[in-house]
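Novice: Next one to model:
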Amino acid sequence: MSRALRVHTHGGPEALVYEEVDPGRPGPGEALIRHTAIGLNFIDVYYRTGLYPAPNGMPVTPGGEAAGVVLELGAGVDWLEVGDRVAYAVPTGAYCEERLIAADRLVKVPEGISDQQAAAMMLKGMTAEYLLLRTFKVKAGDTILYHAAAGGVGLILGQWAKHLGATVIGTVGSTEKGALAKAHGFDHVIDYREQDFVAEVARITGGRKCDVVYDSVGNDTFPGSLDCLRPRGMFVSFGQSSGPIPPFSISLLAQKGSLYATRPTLFAYNAKREDLVRSADALFDVVLSGAVKIRINQKYDLRDAAKAHADLEGRRTTGTTVLIP
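Specialist: Numbering: from 1, shown residues only. The predicted structure follows:
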């Protein structure tokens, strides 16, 4: 038997129940893996609270990224071997010691990247990849705004965007988080608790504003994010940690400068295996090059995931966090 954290009834961190489960044996196209490290992300909170519906119904095991070792393979899986180090990013299911998973969602972890680094960066790092390289193709000379710059995606995206030659502006909620963001590629940081981020963006850019705004905060930063964009700039809403953006008339985009707006997800961008592999390879390459460094700022035992969730929601974490089975 294996142990897992499951949510039987939506609620607060206490809704996470640590219990024994049978992971089963792999069928065709599946792999049984033993986790060595599991990433923590805000999307896990969404599944716990019911903001996002569980893909396979209840009970749900949260957790979208992890690394581990292949224990057993089902029929038809010829690109993996027992003992391979692997990692993945999927919507749910990672908060456990062992699990079955569709093998086509797994990628091999290259030498030079630890299991804990892989677990900490798959969902966050591939999110940074599709945002920077596919949703809006950031290039040298672009100016970007990223909200929640000291978060897990932010610290990766800041370094990567700087590596691409962009001017990177971020919002943070404290002086300490601002220093952390500046150490991870951000040229300018705005403390949204003390400053009007719209006015600060205008000042920093000399009135030109930004080519793209990446916003995972949602309600609290809208519609201000739109006011930070140059004409025909792009608003990328990819999360809602402060609550969903309220309904708005699409004519608002015209009024604010013929703006583009999109609500992408990692799982749509990486639905095809070839896209997943390209995304992971790009992430591994930029990390192995040293341009993006993956630092793990918090570690919790898997059984203490409720405390990790409470700290995450209370904004007491920064950067990447891993759970250790």
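Novice: can I assume Val286 is in contact with Leu157?
Specialist: No. Using C-beta atoms under 8 Å, Val286 is not in contact with Leu157, being 11.1 Å away. Backbone N, C-alpha and C define where each C-beta goes, glycine included.
Novice: Please identify which of the two sits among more neighbours.
Specialist: Comparing Val286 with Leu157 by other C-beta atoms under 10 Å, the one with more neighbours is Leu157, at 29 against 20.
Novice: how near is that one to His35?
Specialist: According to C-beta to C-beta, to the nearest Å, Leu157 and His35 sit 26 Å apart.
Novice: Got the domain ranges for the protein?
Specialist: 2-113+294-324, 123-266 (automatic domain parsing).
Novice: what about the longest one, distance to the chain center?
Specialist: What it means is domain 123-266. 14 Å (C-alpha atoms, centre = their mean, to the nearest Å).
Novice: Now do the end-to-end distance for it.
Specialist: One end of domain 123-266 sits 8 Å from the other (C-alpha to C-alpha, to the nearest Å).
Novice: cool, the shortest one as well?
Specialist: Domain 2-113+294-324 stretches 14 Å from its first residue to its last (C-alpha to C-alpha).
Novice: what does stretch 156-174 give?
Specialist: 19 Å.
Novice: for it, what is the average pLDDT?
Specialist: Averaged over stretch 156-174, pLDDT sits at 97.
Novice: Give me the buried positions along it.
Specialist: 156-164, 166-172 (16 or more other C-beta atoms under 10 Å).
Novice: and these, which of them are in helices?
Specialist: The helices, defined by DSSP state H, take in 156-163 from those.
Novice: Looking at those, which is nearest Lys137?
Specialist: Proximity of these to Lys137 (C-beta to C-beta) peaks at Ala161, which lies at 11.7 Å.
Novice: Quick check: the closest one touching Ile144?
Specialist: Yes. With contacts counted by C-beta under 8 Å, Ala161 reaches Ile144, the gap being 5.8 Å.
Novice: overlap in contacts of these two?
Specialist: 138, 168 (C-beta atoms under 8 Å, 6 or more residues apart in numbering).
Novice: All the helices of this structure, residue numbers only.
Specialist: 42-49, 115-130, 152-163, 175-182, 197-204, 251-255, 266-269, 273-288, 305-313.
Novice: Could you save the domains of the chain as a markdown table and add columns showing distance to Lys272?
Specialist: Shown next, in a markdown table, are these (distance: least, C-beta to C-beta, whole Å):
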| stretch | distance to Lys272 |
| --- | --- |
| domain 2-113+294-324 | 10 |
| domain 123-266 | 13 |
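Novice: Go through these and name the closest to Arg273.
Specialist: Once the domains of the chain are compared by C-beta to C-beta, domain 2-113+294-324 is nearest, at 4.9 Å.
Novice: average pLDDT across the closest one?
Specialist: 96.
Novice: quick one: it to chain centroid distance?
Specialist: In terms of C-alpha atoms, centre = their mean, the centre of domain 2-113+294-324 is found 14 Å from the chain centre.
Novice: same deal with stretch 118-132?
Specialist: A distance of 6 Å separates the centroid of the chain from that of stretch 118-132, by C-alpha atoms, centre = their mean.
Novice: Distance to Val212 added to the helices of the chain, as a markdown table?
Specialist: Formatted as a markdown table, the helices of the chain follow (distance: least, C-beta to C-beta, whole Å):
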| stretch | distance to Val212 |
| --- | --- |
| helix 42-49 | 21 |
| helix 115-130 | 13 |
| helix 152-163 | 10 |
| helix 175-182 | 17 |
| helix 197-204 | 12 |
| helix 251-255 | 14 |
| helix 266-269 | 16 |
| helix 273-288 | 18 |
| helix 305-313 | 26 |
